[in-house]
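1. got a predicted structure plus its sequence, pasted below:
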Protein chains: 4
Amino acid sequence: MIKREHGIYSSERMVTYVDAIFAIALTLLVIEIKIPEHADGDNLIMTLWQEWPKFISFLISFMIISVVWFNHHTMFHYIKKIDHTLILMNTILMLNVIAIPFCSSILGEYADAVGENSKVAALIYGGWITLGGIPFNFIWSYALKHKELLHDGCDMDDLINMKKHFIRGPYIYLFVTLLALLNAWVSVVGFAFLIILYFLPATFWIRKEKRNPL
Amino acid sequence: MIKREHGIYSSERMVTYVDAIFAIALTLLVIEIKIPEHADGDNLIMTLWQEWPKFISFLISFMIISVVWFNHHTMFHYIKKIDHTLILMNTILMLNVIAIPFCSSILGEYADAVGENSKVAALIYGGWITLGGIPFNFIWSYALKHKELLHDGCDMDDLINMKKHFIRGPYIYLFVTLLALLNAWVSVVGFAFLIILYFLPATFWIRKEKRNPL
Amino acid sequence: MIKREHGIYSSERMVTYVDAIFAIALTLLVIEIKIPEHADGDNLIMTLWQEWPKFISFLISFMIISVVWFNHHTMFHYIKKIDHTLILMNTILMLNVIAIPFCSSILGEYADAVGENSKVAALIYGGWITLGGIPFNFIWSYALKHKELLHDGCDMDDLINMKKHFIRGPYIYLFVTLLALLNAWVSVVGFAFLIILYFLPATFWIRKEKRNPL
Amino acid sequence: MIKREHGIYSSERMVTYVDAIFAIALTLLVIEIKIPEHADGDNLIMTLWQEWPKFISFLISFMIISVVWFNHHTMFHYIKKIDHTLILMNTILMLNVIAIPFCSSILGEYADAVGENSKVAALIYGGWITLGGIPFNFIWSYALKHKELLHDGCDMDDLINMKKHFIRGPYIYLFVTLLALLNAWVSVVGFAFLIILYFLPATFWIRKEKRNPL
């Protein structure tokens, strides 16, 4: 008979919940892309072509949310149990994730605007993504400090390397965000570049580090 | 060979379903926030600034739904099986949860309106949240009365303390709702304050009570 | 080592998928209810009051979808494995469920229209609900004929009583739908009445029948 | 004590996530269908009748997404573990799935347009569906090459037959897409026909092939 611990829960239900939120955030991205009502004499290809900033911001946001999901997946591959603090931090991370489509719609609407608006849009977008790194890193640091929350049989060296890897995220994102001060699109291209780099799994870098320890 | 009991189900499937509904309710909150179409000469920062009542009502509703999810999570940490009555009560709770975004959009649209409208909006919002406490408390009371629905190894003292804690919820929410009779924003600030207090886990208070039983 | 059977799957994944679809169908109902943009001099209570047909159709549709979910839940309490035919039938049931919000929005928009439109709206609504009974009953009949798909330890008498109970559904729904030929609201009230009756669990009637077999 | 492997995850969480995305994609299809606001003197039946291209594209897209879900389900009936490459490929597949409703809305809006627009709409729609076959087939080929990712007890002959079956998909879809060069509706009817054929389960064909190996 397993005693139901008070205030300590299996991470399983939270993970299901989180996955639904991630999936819905992806969906909200699509809702933002709308084709105009069909009118006589319009040209579908031109109509779609004019929407290109929205497609770009959709694509980048889709990949960023997927990256965050993937990293969240990686963390909860090791985290078995959650307590009140982890739930609170996770709630704040979800607040961040669920508002990404809104920021993405701002970027899609204003990225090719004249004047300061395009820079402001890119700063809001990048700034929001960057902020998400704070609860993310907090979750991982907290879990590493409370080993009773982790699965048995974790290789702590791996986990500490992951921490070093994750902690760099917000700094890099902040840098790419600030590129928007030059031009909104420089920042957007920066994010596209980061996604390509970042989707190389954390584990790949870590293993390399472990293989070449000297 | 385990006999499939008639009319008694594992709580697992319902919990997955409920999580999807909670996740979607959070999403509906975001859909309510829309940026106006971009027009020449507008200023993005000002445009967003004018939407501040919507952001406030989004944030508070997000946190309230998260709190309800968290408490639901806590209850079903202990509830292993469900019967027809629990499913019916849970359906009514879900009816409440899923309509919160609608009430939130009313609050966001009317909170800074002149005249009686802002008070009415805050009363509808708070009143709806308060009503949600009824099926919520019913579920927990019912589960405590039908111990065959609970997991083995529950500490009944903990669960009874949780009940005492949960039962206070609707009364406090009602009080904060009625503050809207003074001014809509007094009630909104009250809810913000409650969220901060309430997110301290039930378990924290309970443990304190147990630690100082004299 | 368990052999992975070809063409026979655990029902578990389909159930998760189905739950997400049900949860989203509920959500779509809410999206249909929109408050008009706030204008100076309007009165929030009156604005909401004028939306009452939408609230009624939301409430009834919410409960109907919940009833279908509950009955689906009951069926898959016993169905352990699925094959290609069950997946196809379930897909058609999901097609029905996911379009209920669309029918509900037609009802909400036209229920208080003058002339034939209100009757047509109620006939479309009720007719669509009725059609959903076909794949539903097919799933259950098929499962009862293929006992290898059921969990071990099912009491076949219970399941056959459930079948008798479920099979009545479409006939009753058809009758209530046709009441719309008199007046749209007679049919709507009929559905409200059915929900109250129907939410009494299948198991309740069955047990009564078993208790009084003479 | 099971060692938590680095970079190798259970496929379970990804499957839940994927199911939520599929379910939401189905939903987005419904959102695209909107009834016009009710006006005096309009006729509901005529109003709905004029929307028929939207209903057709909804129905076909619903069935296509269901087919992809079903095939995804079949693949992950055998795939037990996922690594970084599978997650990346799955992300790209999800990018495809989640944008199908957008393509479907283009088809629904333009399918009965005059001039080139209807052909362009059908080419975009079919082309996007066809593209989805690439990550889909990649996932299955990759899994077959990395047998450590599969469940124990898989019959490799079955899986290789599935591969042969899946690989034909994109070619057939491409052919049906190109029929749009003649007329948009020829392509649409072609897709309807494919769905009927394709929903006959992979397993059915494979078994036939196994039964008649000479």
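-> Happy to help now that I have it. For clarity, every value in this text was computed on a predicted model and none was experimentally measured. Numbers count the residues shown, from 1 in each chain, chains lettered A, B, ... in the order given.
2. what's the burial count for residue A:51?
-> Residue A:51 has 15 neighbouring residues, counting by other Cβ atoms under 10 Å in any protein chain shown. In this view, the C-beta of every residue, glycine as well, is placed from N, C-alpha and C.
3. quick check: phi and psi on residue A:10?
-> Dihedral angles of residue A:10 (phi, psi; degrees, to the nearest 10) stand at phi -60, psi 140.
4. and it, what is it in contact with?
-> A:80, A:81, A:82 (Cβ atoms under 8 Å, 6 or more residues apart in numbering or on different chains).
5. mind putting those in a markdown table, distance to chain C, neighbour count and secondary structure included?
-> Compiled in a markdown table, the contacts of residue A:10 are given as follows (distance: Cβ to the nearest Cβ, whole Å; neighbours: other Cβ atoms under 10 Å in any protein chain shown; DSSP: H, G, I helix; E, B strand; the rest coil):
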| residue | distance to chain C | neighbour count | secondary structure |
| --- | --- | --- | --- |
| A:80 | 21 | 17 | coil |
| A:81 | 22 | 17 | strand |
| A:82 | 21 | 26 | strand |
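6. same question for the nearest residue to residue A:60 once chain neighbours are set aside, what's its three-state structure.
-> With Cβ to Cβ, 6 or more residues apart in numbering or on different chains as the criterion, residue A:60 has its nearest non-adjacent residue at 5.4 Å, and that residue is residue A:191. Here residue A:191 is helix, with the state taken from DSSP: H, G, I helix; E, B strand; the rest coil.
7. residue A:191 contacts residue A:126, correct?
-> Yes. Between residue A:191 and residue A:126 there is a contact at 7.0 Å, judged by Cβ atoms under 8 Å.
8. okay, and the common contacts of the two?
-> In contact with both residue A:191 and residue A:126: residue A:176, using Cβ under 8 Å, 6+ apart.
9. returning to what we had before: list the contacts of the residue nearest to residue A:60.
-> Residue A:191 makes contact with A:60, A:64, A:126, A:129, A:176 under the criterion Cβ under 8 Å, 6+ apart.
10. from these, pick the one nearest residue A:99.
-> Checking these against residue A:99 by Cβ to Cβ gives residue A:129 as the nearest, at 10.4 Å.
11. does that closest one touch residue A:170 like I think?
-> No. Contact between residue A:129 and residue A:170 fails when scored by Cβ under 8 Å: they sit 9.1 Å apart.
12. which one's more surrounded, those two?
-> residue A:129 (27 against 18).
13. name the nearest residue to the more buried one, sequence neighbours excluded.
-> Per Cβ to Cβ, 6+ apart, closest to residue A:129 is residue A:173, 5.6 Å.
14. residue A:32 now?
-> Using Cβ to Cβ, 6+ apart, the nearest residue to residue A:32 is residue A:105, at 4.3 Å.
15. what about the strands in chain A?
-> Per DSSP state E, chain A carries strands over the ranges A:9-10, A:81-82.
16. by mean pLDDT, show me the worst of those strands.
-> Note on the strands of chain A: strand A:9-10 shows the lowest mean pLDDT, a mean of 78.
17. so how far is it from its chain's centroid?
-> In terms of Cα atoms, centre = their mean, to the nearest Å, the centre of strand A:9-10 is found 24 Å from the chain centre.
18. parallel or antiparallel, list what pairs with that strand.
-> strand A:81-82 (antiparallel) (DSSP bridges).
19. which elements pack onto the helix of greatest length in chain A?
-> Scanning chain A for the longest helix, with DSSP state H as the assignment, gives helix A:117-145. Contacts defined by 3 or more Cβ pairs under 8 Å, 6 or more residues apart in numbering or on different chains; DSSP states H and E place helix A:117-145 against helix A:52-76, helix A:84-110, helix A:156-178, helix A:184-199, helix B:44-49.
20. what residues sit buried inside it?
-> Residues of helix A:117-145 classed as buried by neighbour count (16 or more other Cβ atoms under 10 Å in any protein chain shown): A:117-126, A:128-133, A:135-140, A:142-144.
21. center of chain A, which residue is that?
-> Residue closest to the mean C-alpha point of chain A, counted by Cα atoms, centre = their mean, is residue A:68 at 3.4 Å.
22. who touches the residue lying closest to that residue once chain neighbours are set aside in this structure?
-> Take residue A:68 and drop its neighbours on the chain: the residue closest to it by Cβ to Cβ, 6+ apart is residue A:97, 6.3 Å away. Residues in contact with residue A:97 (Cβ under 8 Å, 6+ apart) are A:21, A:22, A:25, A:65, A:68, A:132.
23. now render those as CSV, adding pLDDT.
-> Shown next, in CSV, are those (pLDDT from 0 to 100):
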residue, pLDDT
A:21, 88
A:22, 89
A:25, 88
A:65, 91
A:68, 89
A:132, 92
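24. from those, which is closest to residue D:155?
-> Closest to residue D:155, out of all of the contacts of residue A:97 and judged by Cβ to Cβ, is residue A:22, at 34.5 Å.
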